[in-house]
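Asks: pasting the sequence and the predicted coordinates here, then a few questions.
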Amino acid sequence: MIDTILILLNESSKILFLLIPVLISVAMIVWLDRRVWGLVQKRKGPNVVGPFGLLQTIADALKYIFKEIIIPASANKTIFILAPIVTMTLALVAWAVIPFSEDLLIADINVGILYLFAISSLGVYGIIMGGWASNSKYPFLGAIRSAAQMVSYEVSIGIIIINVLLCVGSLNLKDIVLAQQNLWFIVPLFPMFVIYFISALAETNRPPFDLPEAEAELVAGYQTEYSGMMYAMFWLGEYANILLMCALGSILFLGGWLPIFDIYPLNLIPGPFWMITKILFLFFLFAILKAIVPRYRYDQLMRLGWKIFLPFSLVYVVLTASFLFYFDLLPTRVIE
């Protein structure tokens, strides 16, 4: 009995040590996003609340907490309330398998990449539930767009991941990082990294693919009828997903927690520092693109996903497999 309680306490502390930094970093990257956007447009961005405006996001979150939650009379109340909870929960649950160093992760499972893929596929349900339960045409159209967009780009992300798995021979995220000790996968798989990055933008509904919440056409998309903390939960889930995609990109292509060069001063720096730096670098690219790229038209978005990215990534899988087979570089795993 005491052993069970100790195990539960240990696991709970692990979860808290992961969730609290993720929630704090979501607040910080919203600030970073707005600062980058402001700098590109030659203005300051948030700079009043707290030093350098760092507490602005916390002030916004507090404002949402104290705002009234209004549920439309015609809405399906149960599903309407569940939608933001599902979105936020799934966004946070996915972090369980992300390794920040060789020892610093909650669940070291052999199918980590499959788990992430399954969770990100489920993420679309929260959005569909929110759009449908609102019983209004704009949220419903936003939800349909979002579902189609996420499903379309998940296909190409899946095929891109196959390229990495061919080089590693394992679905474990730790193995994927350790396989990059001599060479990061961004070097041989650079076209795949570019496609992954653009697909991640579409998967997380970020500009230039923010069609589900296109203000000019759909008011605020699937979030139109939401207010108060329920709106904040959607917003939290969205940014947690963006960070997750950045973390996955750094694990698959940028060597995760490994230093840039395995030489004396650099390999003294702890792994989590490198991991967080790479996540921030990828997020900085996300933020820059938001400020400098115009929104895609819906038919262009679908054409890009199905007619360009999908065939190209399929061809690249064949090329990767052929290269590894011809030069006898295929990973061989010893089954114990």
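Replies: Structure received.

Asks: once you drop chain neighbours, what's closest to residue 142?
Replies: residue 221 (2.9 Å; C-beta to C-beta, 6 or more residues apart in numbering). Any C-beta I mention is one placed from the backbone N, CA and C, and that applies to glycine too.

Asks: surely the one you found and residue 145 touch.
Replies: Yes: taking contacts as C-beta atoms under 8 Å, residue 221 lies within contact range of residue 145: 7.4 Å.

Asks: intersection of neighbour lists for the two?
Replies: residue 212 (C-beta atoms under 8 Å, 6 or more residues apart in numbering).

Asks: against residue 321, how distant is the residue nearest to residue 53 when sequence neighbours are not counted?
Replies: Counting by C-beta to C-beta, 6+ apart, residue 53 lies nearest to residue 46, which is 3.6 Å off, once chain neighbours are set aside. For residue 46, the distance to residue 321 equals 48 Å [C-beta to C-beta, to the nearest Å].

Asks: kindly report the same for residue 77.
Replies: Taking C-beta to C-beta as the measure, residue 77 falls 51 Å from residue 321.

Asks: same drill for the two, tell me which one is more crowded.
Replies: Set residue 77 next to residue 321 and count neighbours by other C-beta atoms under 10 Å: residue 321 wins out with 15 against 11.

Asks: make sure that one is actually in contact with residue 166.
Replies: Yes: taking contacts as C-beta under 8 Å, residue 321 lies within contact range of residue 166: 5.6 Å.

Asks: run through the residues that contact the residue nearest to residue 142.
Replies: Applying C-beta under 8 Å, 6+ apart, we find residue 221 in contact with 131, 138-139, 141-143, 145-146, 212-214.

Asks: and if you look at residue 82?
Replies: Listed by C-beta under 8 Å, 6+ apart, the contact partners of residue 82 are residue 129.

Asks: what's the helix or strand for it?
Replies: Residue 82 belongs to helix 77-93 when elements are defined using DSSP states H and E.

Asks: can you list the buried residues in that helix?
Replies: 80-84, 86-92 (16 or more other C-beta atoms under 10 Å).

Asks: so where's the stretch 201-336 of the chain uncertain?
Replies: Along the stretch 201-336 of the chain, segments meeting pLDDT under 70 span 213-220, 333-336.

Asks: now the helices for it?
Replies: Ranges of helices within the stretch 201-336 of the chain are 215-218, 228-253, 271-292, 298-303, 310-326, based on DSSP state H, counting those that start in this stretch.

Asks: what's residue 257 sitting at in phi/psi?
Replies: Per-residue torsions, residue 257: phi -90, psi 0 (degrees, to the nearest 10).

Asks: wait, it touches residue 276, no?
Replies: No: judged on C-beta under 8 Å, residue 257 makes no contact with residue 276 at a distance of 9.2 Å.

Asks: list the contacts of stretch 322-336.
Replies: Outside stretch 322-336, the residues that reach it (C-beta under 8 Å, 6+ apart) are 166-170, 179.

Asks: now swap in stretch 300-311 and tell me
Replies: With contact meaning C-beta under 8 Å, 6+ apart, stretch 300-311 is reached by 148-149, 152-153, 155-156, 159, 195, 198-199, 202, 209, 211, 296.

Asks: distance between the ends of that stretch?
Replies: 16 Å (C-alpha to C-alpha, to the nearest Å).

Asks: name the residues of it that are buried.
Replies: Neighbour counts using 16+ other C-beta under 10 Å place 301, 304-305, 309-310 of stretch 300-311 among the buried residues.

Asks: equivalent analysis for stretch 48-67, please.
Replies: Under the neighbour-count criterion of 16+ other C-beta under 10 Å, stretch 48-67 has 53-58, 60-61, 64 buried.

Asks: could you point out the longest helix in the protein?
Replies: Looking across the chain with DSSP state H, the single longest helix is helix 2-40.

Asks: who are the packing partners of it?
Replies: Packing contacts for helix 2-40, counted by 3 or more C-beta pairs under 8 Å, 6 or more residues apart in numbering; DSSP states H and E, involve helix 56-66, helix 228-253, helix 271-292.

Asks: closest one to residue 122 among those helices?
Replies: Of all the helices and strands packed on helix 2-40, helix 228-253 sits nearest to residue 122, with 11.5 Å by C-beta to C-beta.

Asks: could you give the angle of that closest one to helix 271-292?
Replies: Here helix 228-253 points in a direction 110 degrees away from that of helix 271-292 (axes from the mean of the first three to the mean of the last three C-alpha atoms, to 10 degrees).
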